[in-house]
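> need a 3D model of the following:
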Amino acid sequence: MTELDWERDDELDRPHEACGVFGICAPAVDAARMTFFALYALQHRGQESAGIATCDGGAAYIQKGMGLVAQTFTEENLRPLKGHLAIGHTRYSTSGSSHIRNAQPYLIETLHGPLGVAHNGNLTNALTLRRQLLERGVGLSSSSDSEVITQMLAAPPPGGEPNGPNWEARIAAFMAVAEGAYTLVILTRAAVFAVRDPWGLRPLCLGELPINGKPGYVVASESCALSTIGATYLREVAPGEVIRLDRGGVHVSRGVAAKERSALCIFEYVYFARPDSMLEDQTVHRVRQRLGEELAREAPVEADVVIGVPDSATPAAIGFAQASGILYTEGLIKNRYIGRTFIQPDDRIRRIGVRLKYNPLAANLKGKRAVLVDDSVVRGNTIGPMLRLLREGGAAEVHVRVSSPPVQHPCFMGIDMATYDELIAHRCTVEEIRQHVGADSLAYLSHAGLQRAVLAEAGADRGHCSACFTGRYPISLEEWWLRKAQEKLAFEEVWG
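Down below sits the predicted model:
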């Protein structure tokens, strides 16, 4: 990570998404500028690097850098990004370190013109695929599995291409051997492709953007990016599906067969997705309210006020208050202007910790029995300081309610979910965690309650990956344990 640990203590107690991706084919607009604003809307999915690649039907152009979207792009460096085709990416590293060499999109020149790739997810057989490329004499410049994907797509499919480049066949050939989680946006000379893995582990949606009567189409990790640029949400990209966007419109093909039951990451509902996004045709904010409602029914408590950890737990806190009949109010004020900085703090500021981002609202807390609702507890390193802030603000009691089950297992499908040793719920019982953080009481939402809240509108036929709670992974991981250890050691030796 590029930030100092003291500065992100509260964020370190959250899992981190890998990336946000966006693609556009719109002949009547400045595609690069549209991509910039879409990435702005997807900033919550990755804050380490950002990039945009465009194509005007002939040449391709790229700009990427470390930092936030607003730090990476300016009027000056957006202006050269010409063309009606574009893909964009904002990154949080999972496979590959935080370094400019791993920033995306990747853009290379092939026999049939430019090829750009932006990827969200994690290939669980990346080491095997990487080794196969190296054995074929393909050179790699980064430690990211996304570069492996790019080089695989640069090669013709097994049956060859007698009639010119067949990008759908190349994508299908990649999907036939890829394992793990991936959504891709792919840039070629004439089209943008959107690809989603057969499990549907990571989200991806399709939208329409007509300008001046001319058709245009976009794809994005979340629907919030569509509304930001004035596009209309059409539908999700189905698991295993390949969508081509070009001047002729939208063309759909099947890369690989979808799994019998999909496995969208359920943590998208708990924390990752923006609350105004749509997942599985339901609003994330409403699902989070239902999580709070289920939590209030499962773990009632006598209290005077309900407060949420801002901002991610606010919908669940509202749901808890509505179901319990306890007054909802603000108890913690978040300083939203505390961002990344490279100024070294002195020892006194270092000790302040979460006070840099949160202040108690004493007028709403004094003498009150408070329920603090949080969306998740991963490492358990910030909930204790928050409780101390609330008590300093005058709270007589603080009862913690968590709107998801205990996170007991790491993720290997594109989420930075910490290791077993770092996960407090893997090491400790609920009572031990309560004592550790200093809460008057502590309760988590059950896995059954989580399922009820998510499936209430999505439909019982939907499947979700909840391996971080249950340890039941949709993808076989027996070899991945060894690969993960080898990969981490090898990359640290090579890249530092």
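> Cys265 against Gly463, yeah?
No - the criterion here is C-beta atoms under 8 Å, and Cys265 misses it with Gly463 at 11.2 Å. No exception for glycine: its C-beta is placed from N, CA and C like everyone else's.
> of these two, who's got more company?
Cys265 (28 against 19; other C-beta atoms under 10 Å).
> which residues are in contact with whichever strand or helix holds Pro315?
Assessed by DSSP states H and E, Pro315 sits inside helix 314-324. For helix 314-324, the external contacting residues (C-beta atoms under 8 Å, 6 or more residues apart in numbering) are 275, 285-286, 288-297, 300-301, 306-308, 326-328, 371, 373, 375, 401, 403.
> and if we set it to 7 Å?
With C-beta atoms under 7 Å, 6 or more residues apart in numbering as the test, helix 314-324 has contacts from 275, 285, 288-293, 295-297, 300, 306-308, 327-328, 371, 373, 375, 401, 403.
> ok, then the element right after it?
strand 327-328.
> now, of the contacts of helix 314-324, which are buried?
Among the contacts of helix 314-324, those scoring as buried are 275, 285, 288-293, 295-296, 306-308, 328, 371, 373, 375, 401, 403 (criterion: 16 or more other C-beta atoms under 10 Å).
> just these: which are in strands?
Mapping these onto strands (DSSP state E) picks out Val306, Ile307, Gly308, Tyr328, Val371, Val373, Arg401.
> closest one of those residues to Val219?
Gly308 (32.1 Å; C-beta to C-beta).
> what pLDDT is listed against the closest one?
Reading off the confidence values, Gly308 has pLDDT 97.
> go on, Ile349?
pLDDT, Ile349: 60.
> check Tyr92 too.
76.
> could you report the neighbour count for it?
For Tyr92, the number of neighbouring residues by other C-beta under 10 Å comes to 21.
> what sits closest to it if chain neighbours are left out?
Gly46 (3.9 Å; C-beta to C-beta, 6 or more residues apart in numbering).
> could you do Ala456 as well?
Counting by C-beta to C-beta, 6+ apart, Arg290 is the residue found nearest to Ala456 once chain neighbours are left out, at 6.0 Å.
> repeat that for Gly200.
Here the residue nearest Gly200, using C-beta to C-beta, 6+ apart, is Pro239, at 3.5 Å.
> please name the residues that touch the one you found.
If you count contacts by C-beta under 7 Å, 6+ apart, then Pro239 has Arg196, Asp197, Pro198, Trp199, Gly200, Ala258, Lys259, Ser262 around it.
> narrow these to just the buried residues.
Applying 16+ other C-beta under 10 Å to the contacts of Pro239 flags Arg196, Asp197, Pro198, Trp199, Gly200, Ala258, Lys259, Ser262 as buried.
> can I get the residues you listed in CSV including pLDDT and distance to Ala32?
CSV is the format used below for those (pLDDT from 0 to 100; distance: C-beta to C-beta, whole Å):
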residue, pLDDT, distance to Ala32
Arg196, 98, 24
Asp197, 97, 27
Pro198, 97, 32
Trp199, 96, 32
Gly200, 96, 29
Ala258, 95, 33
Lys259, 94, 36
Ser262, 93, 33
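> so which pair among those residues is furthest apart in space?
Taking C-beta to C-beta, no two of the buried ones among the contacts of Pro239 sit farther apart than Arg196 and Lys259, at 11.5 Å.
> residue ranges with poor pLDDT in the protein?
Along the chain, the model assigns pLDDT under 70 to residues 1-18, 93-99, 338-353, 416-418, 477-496.
> which residue ranges make up the domains of it?
Following the assignment in automatic domain parsing, the chain carries domains at 5-262, 282-470.
> can you say which of the ones you listed is nearest to Ser476?
Ranking the domains of the chain by proximity to Ser476 (C-beta to C-beta) places domain 5-262 first, at 8.3 Å.
> give me the contact list for whatever helix or strand Val21 lives in.
Assigned by DSSP H and E, Val21 belongs to strand 19-25. With contacts defined as C-beta under 7 Å, 6+ apart, strand 19-25 is touched by 31, 34-35, 38-39, 42, 45-46, 84-92, 118-120, 183, 185, 191-192, 194, 216-221, 225, 245-246.
> want to throw the buried ones among the contacts of Pro239 into JSON lines with secondary structure and distance to Ile100?
Output for the buried ones among the contacts of Pro239, formatted as JSON lines (DSSP: H, G, I helix; E, B strand; the rest coil; distance: C-beta to C-beta, whole Å):
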{"residue": "Arg196", "secondary structure": "strand", "distance to Ile100": "28"}
{"residue": "Asp197", "secondary structure": "coil", "distance to Ile100": "27"}
{"residue": "Pro198", "secondary structure": "coil", "distance to Ile100": "32"}
{"residue": "Trp199", "secondary structure": "coil", "distance to Ile100": "31"}
{"residue": "Gly200", "secondary structure": "coil", "distance to Ile100": "31"}
{"residue": "Ala258", "secondary structure": "coil", "distance to Ile100": "36"}
{"residue": "Lys259", "secondary structure": "coil", "distance to Ile100": "36"}
{"residue": "Ser262", "secondary structure": "coil", "distance to Ile100": "35"}
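> if we only consider those, which is nearest to Tyr233?
For the buried ones among the contacts of Pro239, the closest approach to Tyr233 (C-beta to C-beta) belongs to Arg196, at 15.9 Å.
> mind listing what that closest one touches?
Arg196 is in contact with Thr183, Leu204, Val237, Ala238, Pro239, Gly240, Glu241, counting by C-beta under 7 Å, 6+ apart.
> return the subset of those lying in strands.
Thr183, Glu241.
> can you redo the contacts of Arg196 as JSON lines with distance to Glu397?
Below are the contacts of Arg196 laid out as JSON lines (distance: C-beta to C-beta, whole Å):
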{"residue": "Thr183", "distance to Glu397": "44"}
{"residue": "Leu204", "distance to Glu397": "44"}
{"residue": "Val237", "distance to Glu397": "47"}
{"residue": "Ala238", "distance to Glu397": "48"}
{"residue": "Pro239", "distance to Glu397": "46"}
{"residue": "Gly240", "distance to Glu397": "51"}
{"residue": "Glu241", "distance to Glu397": "51"}
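> relative to Gly159, which of the contacts of Arg196 is nearest.
Nearest to Gly159 among those, with distances taken as C-beta to C-beta, is Gly240, at 19.9 Å.
> give me the number of residues near the closest one?
20.
> ok, now which ones touch it?
By C-beta under 7 Å, 6+ apart, the contact set of Gly240 is Arg196, Pro198, Arg254, Gly255, Val256, Ala257, Ala258.
> let me see the contact set for the fourth one.
The neighbours of Gly255, taking C-beta under 7 Å, 6+ apart as the test, are Ile171, Ala172, Met175, Val195, Gly240, Glu241, Val242.
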